[in-house]
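J.: can't give you the sequence, but here's the structure:
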């Protein structure tokens, strides 16, 4: 009887196997319409700075679709200018071919209104609405607190900004910041290499100590409209987890404050809600967000961005590692050393073929070399060896 049952089940198993193969072959990947569209709308990010001898800068990119692999799609070779309500025009140039268009130092008349005008390389023209400049109240202070993340039980440094407008006229604020931190290579060499030859470093030359700058990526907004006084108190800016390498030696943050109109604030609030849930400022948005920049040649085209004008105020904070007991990052790489021969005709010739290595020091056995990331701070986090003027000793 058992044998008969097995034989009876064989046709069933064959039928099920064929059915699964057929249904699997009919499957098709579903790509929602939002993924398949490829508009790449123009995205404009910047600010018309009406401070004394101030530089205005705008970054032009294209919005990214969900299937795009490129981190940024920059807009090159555009004609960009600031135009005043009395007809004056001031050009902005992409001097370094980075998609960032900047003016020279300007002192714009704050009694006029201003707009941004763009003509892209494909001949399309864009213009923002004329906007009145708003003066920025001073940043009263930038401070930090040391706390514990309740979810991870790890220490965190939280940074805050404080401001107020004695004229009670601003109410809407946006901030961004630049982080600058000092870092050192794990090993220190006193030898440099260029064009196949070594040379001894002369003070203050070195590749051991670097200073790296990191711009903010978040949208930071604040409003005092619900308060009787135009005061911003302990507005959160950013935080750093314990053992973040930025805090290994010294860390500085420059917080910049921009005054907004109510319309500009609402625009940025909508972008904040959408983009920070998706992960990018100019990713494809789930809903239409209307800014104040419009296409002149293609009125139906969307443009991302909101142009405002005004002065900018700023304040800098410095934190030393000495203020953070026990904070120290651990490098994730090792530094295996090698010994290579010395050229008998000229000991300064350096021709080791592996370019990931660099000179470390001379020994009785020959020239000791190390991974470049271990002896050159520029290879470990980038940055510059030039110490900022404001950096403390």
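T.: Happy to help now that I have it. This structure is a prediction, so every number in the text was calculated from the model and none was measured. Numbering: from 1, shown residues only.

J.: please make it C-alpha for all contacts and neighbour counts, starting now.
T.: Noted.

J.: what about residue 330, how many residues nearby?
T.: 9 (other CA atoms under 10 Å).

J.: let's have the chain start at 54 instead
T.: Noted, 54 is the first residue going forward, which turns the last one into residue 383.

J.: using the three-state scheme, assign it.
T.: The three-state label for residue 383, taken from DSSP: H, G, I helix; E, B strand; the rest coil, comes out as coil.

J.: and it, what are its phi and psi?
T.: phi -110, psi 120 (degrees, to the nearest 10).

J.: tell me how far it lies from residue 301.
T.: Distance from residue 383 to residue 301, counting by CA to CA, to the nearest Å: 10 Å.

J.: hey, where'd the helices end up in the stretch 204-353 of the chain?
T.: 315-331 (DSSP state H, counting those that start in this stretch).

J.: so what does the lengthiest strand in the chain touch, helix or strand wise?
T.: Using DSSP state E, we find that the single longest strand of the chain is strand 225-237. For strand 225-237, the packing partners by 3 or more CA pairs under 8 Å, 6 or more residues apart in numbering; DSSP states H and E come out as strand 262-268, strand 273-276, strand 303-312, helix 315-331.

J.: run through who's touching stretch 154-164.
T.: 103-113, 133, 143-148, 185-186 (CA atoms under 8 Å, 6 or more residues apart in numbering).

J.: the closest residue to residue 348 other than its chain neighbours: which element?
T.: Ranked by CA to CA, 6 or more residues apart in numbering and with sequence neighbours excluded, the top spatial neighbour of residue 348 is residue 179, at 4.4 Å. In the assignment (DSSP states H and E), residue 179 maps to strand 178-181.

J.: name the residues that touch the very next helix or strand once past that strand?
T.: Downstream of strand 178-181, the first helix or strand assigned by DSSP H and E is strand 186-187. For strand 186-187, the surrounding residues in contact (CA under 8 Å, 6+ apart) are 103, 163-167, 223, 312-313, 361-364.

J.: which of the residues you listed are buried?
T.: Among these, those classed as buried by 16 or more other CA atoms under 10 Å are 103, 163, 166, 167, 223, 312, 313, 361, 362, 363, 364.

J.: of these, closest to residue 212?
T.: Comparing the buried ones among the contacts of strand 186-187 against residue 212 with CA to CA places residue 312 closest, at 20.0 Å.

J.: show me what residue 262 bridges to in the sheet.
T.: residue 237 (DSSP bridges).

J.: show me the contacts for it.
T.: 235, 236, 237, 238, 430, 438.

J.: can you list the residues you listed in a markdown table and add distance to residue 127?
T.: Formatted as a markdown table, these follow (distance: CA to CA, whole Å):
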| residue | distance to residue 127 |
| --- | --- |
| 235 | 30 |
| 236 | 30 |
| 237 | 32 |
| 238 | 33 |
| 430 | 29 |
| 438 | 28 |
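
J.: low-scoring pLDDT stretches of the stretch 104-253 of the chain, where are they?
T.: For the stretch 104-253 of the chain, the stretches with pLDDT under 70 are 117-124.

J.: go with 90
T.: 116-126, 204 (pLDDT under 90).

J.: now intersect the contacts of strand 186-187 with the strands, please.
T.: 167, 312, 362, 363.

J.: residues in contact with the last one?
T.: It stands for residue 363. For residue 363, counting by CA under 8 Å, 6+ apart, the contacting residues are 100, 101, 102, 103, 104, 185, 186, 187, 188, 189, 311, 312.

J.: burial measure for the fifth one, as a count.
T.: This points to residue 104. 22.

J.: now the closest residue to it other than its chain neighbours: how far from residue 213?
T.: Spatially, and ignoring its direct neighbours in sequence, residue 104 is nearest to residue 364 (4.7 Å; CA to CA, 6+ apart). Using CA to CA, we find residue 364 at a distance of 21 Å from residue 213.

J.: how far off centre is stretch 225-232?
T.: 13 Å (CA atoms, centre = their mean, to the nearest Å).

J.: ok, residues contacting that stretch?
T.: 266-269, 271-278, 290, 304-315, 318.
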